[in-house]
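Participant: Pasting the sequence and the predicted model now:
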Amino acid sequence: MSTPHPPLIPALPAGPVATAALDHLRAAVSPPVAHHSVRSYLFARLLADHEQLTPGADYDDDLLFHACVLHDLGTSPGTPGRARFEIEGADLAAAFLTRHGYPAAAVDQVWEAVALHSSAQIADRRGPLARLTRRGVTADFGIDTAHLTDAQGEAVHRDHPRLDMSTVLVDAITAHAARSPQAAARYTLAGELARERAESGVTGLESATAAGRWGR
């Protein structure tokens, strides 16, 4: 009997809270942003596997799932826009986990990972959850993907198509940024995207993603 090959990509968690998180995500954001959030988790898991990290020992896979799939809740049209989208998204992710009975220490870890997901270098210094979350997100923009095979990329995108994700996400971030000065402070991601969109229409993030490994 032949030995079965391991799957190309990990399966999504199937528990009731994970299912509720996916339902919450899909109700809050557009399909392109929802697919991006799920792909971010799959790419984070593939990085952890590449680095031979063990779930439960080296990182908490349940918290990684929730940090990744909920990381862009701050781009939802229903957010108030009184702070950066990363912070409002972290607050919403924390509120979701608190409603579902997660302890404060776990909620705080996810809050930090979501709040720092656009903070290069800082997230990498805040432990495996923040680092893997950020690396999963950036991998979906085609950044630092040398550890991923073409077959893995195709498998991820088969169920979670891109749907012009970069432009839809930038639209959502800049819409949030327009709600208050605090939501788009200078030199933050939102502030720079809003400036670029106003000046030239197309942001550097969109152009780089379109030219990258996965396309827009």
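Facilitator: Cool, the structure landed. These numbers were taken from a predicted model, which means no experiment stands behind them. Residues are numbered from 1 along each chain as shown.
Participant: Measure how buried the nearest residue to Pro13 once chain neighbours are set aside is and give me the count.
Facilitator: Ranked by CB to CB, 6 or more residues apart in numbering and with sequence neighbours excluded, the top spatial neighbour of Pro13 is Phe65, at 5.3 Å. (Glycine included, C-beta is placed from N, CA and C.) Summarising burial for Phe65: neighbours were counted as other CB atoms under 10 Å, giving 25.
Participant: Can you list the helices and strands that the helix or strand encompassing Phe65 packs against?
Facilitator: Secondary structure assignment for Phe65, by DSSP states H and E: helix 61-69. Contact analysis of helix 61-69 by 3 or more CB pairs under 8 Å, 6 or more residues apart in numbering; DSSP states H and E lists helix 16-28, helix 31-50, helix 85-99, helix 104-115, helix 128-140 as its packing neighbours.
Participant: Relative to Leu148, how far out is Ala106?
Facilitator: Taken as CB to CB, to the nearest Å, the spacing of Ala106 relative to Leu148 amounts to 28 Å.
Participant: Ignore what I typed, I meant Leu63.
Facilitator: Taken as CB to CB, the spacing of Leu63 relative to Leu148 amounts to 22 Å.
Participant: Show residues contacting the strand or helix carrying Thr174.
Facilitator: In this assignment (DSSP H and E), Thr174 forms part of helix 165-177. Helix 165-177 has contacts (CB atoms under 8 Å, 6 or more residues apart in numbering) with 29-30, 32-33, 35-36, 72, 74-77, 79, 81, 85, 88, 140-141, 183-184, 189-191, 193-194, 197, 203, 205-206, 209-210, 216.
Participant: Can you say which of those are buried?
Facilitator: The neighbour-count test (16 or more other CB atoms under 10 Å) applied to the contacts of helix 165-177 identifies 29-30, 32-33, 35-36, 72, 74-76, 79, 81, 85, 88, 140-141, 183-184, 189-191, 193-194, 197, 203, 205-206, 209, 216 as buried.
Participant: His24: neighbour count?
Facilitator: 18.
Participant: meant to ask about Arg186
Facilitator: Around Arg186 there are 9 other residues, counting by other CB under 10 Å.
Participant: swap in Ser119?
Facilitator: For Ser119, the tally of surrounding residues (other CB under 10 Å) stands at 16.
Participant: how much space between it and Ala175?
Facilitator: Summarising the geometry, the distance separating Ser119 from Ala175, computed by CB to CB, is 21 Å.
Participant: Same question for His100.
Facilitator: Distance of His100 to Ala175, computed by CB to CB: 28 Å.
Participant: next one: Ala113
Facilitator: According to CB to CB, Ala113 and Ala175 sit 24 Å apart.
Participant: Same drill for the two, tell me which one is more crowded.
Facilitator: Ala113 (29 against 17).
Participant: In this structure that one contacts Ala67, no?
Facilitator: Yes - assessed by CB atoms under 8 Å, Ala113 is found in contact with Ala67 at 4.0 Å.
Participant: Name the residues contacting each of those two.
Facilitator: Counting by CB under 8 Å, 6+ apart, the common neighbours of Ala113 and Ala67 are Leu129, Ala130, Thr133.
Participant: Look up the pLDDT of Asp60 for me, please.
Facilitator: Reading off the confidence values, Asp60 has pLDDT 98.
Participant: neighbours around it, how many?
Facilitator: Asp60 sits with 17 neighbouring residues when counted by other CB under 10 Å.
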